[in-house]
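1. output the structure for:
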Amino acid sequence: MVVTVGNRPFHVLVGWREVALAPAVLGDHQGAVLGMCSDGGGDVLCYDALADEELSRGLLAFATAGRESAKRVRLVHSLASHASLVYDEHLFMKSYRVLEPAPRPEIELMLRLKRSVSSTPCGRWPTGSETGGTWHSCASTSREQWRAVFSR
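-> Take a look at the predicted model:
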């Protein structure tokens with residue numbers, strides 16, 4: 001969901017479950033709760049979808065157009081601007097909450113670095129005209145990638 005506050009767009013990934021099921025899914029992420037909503041069939045609890053492992057794995061499948069999947073996911077960092085996730089300890093995803101028009105220098109640098117130095121997969125997914133997030137394989141270390149860039 002894209003929400004505009006003032007003139008700034010924010011990307012909010014919303015999940016929902018029946019009220020009785022939500023506590024088990026959210027575990028210790030109770031701060032992710034947004035509130036009660038209606039899904040047309042009854043009341044559901046709405047929350048930040050990145051606090052839900054099943055929905056986070058679904059986001060990976062969506063972002064990679066089905067090329068990648070994972071058995072485990074962990075939320076590494078959740079900030080106002082973005083959230084960082086690691087899948088099966090080898091795929092990294094950054095989901096942007098604050099949307100900015102392309103090109104976004106941080107994203108362009110990451111994609112060019114990954115494509116020029118490494119054959120490991122990477123990509124981004126759009127949210128309208130902005131980038132909703134990026135993902136890449138963590139098969140090689142950042143130090144190796146930077147060394148290769150500066151040795152050219």
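2. use CA for all of it now, contacts and neighbours both
-> OK.
3. tell me how many other residues crowd the nearest residue to residue 47 once chain neighbours are set aside.
-> With Cα to Cα, 6 or more residues apart in numbering as the criterion, residue 47 has its nearest non-adjacent residue at 4.2 Å, and that residue is residue 33. Per other Cα atoms under 10 Å, the neighbour tally for residue 33 reads 19.
4. ok, residue 33 touching residue 50?
-> No: using Cα atoms under 8 Å, residue 33 is not in contact with residue 50; the gap is 11.1 Å.
5. state the mean pLDDT of the host helix or strand of residue 111.
-> Under the criterion of DSSP states H and E, residue 111 resides in helix 105-117. For helix 105-117, the mean per-residue pLDDT is 71.
6. those strands in the protein, which residues are they?
-> Using DSSP state E, the strands of the chain run over residues 2-5, 8-11, 14-18, 33-38, 43-48, 73-78, 82-87, 91-96, 122-127, 130-137.
7. let's have those in TSV, adding mean pLDDT.
-> As requested, those are exported to TSV (pLDDT from 0 to 100):
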stretch	mean pLDDT
strand 2-5	85
strand 8-11	84
strand 14-18	93
strand 33-38	92
strand 43-48	93
strand 73-78	83
strand 82-87	88
strand 91-96	86
strand 122-127	68
strand 130-137	68
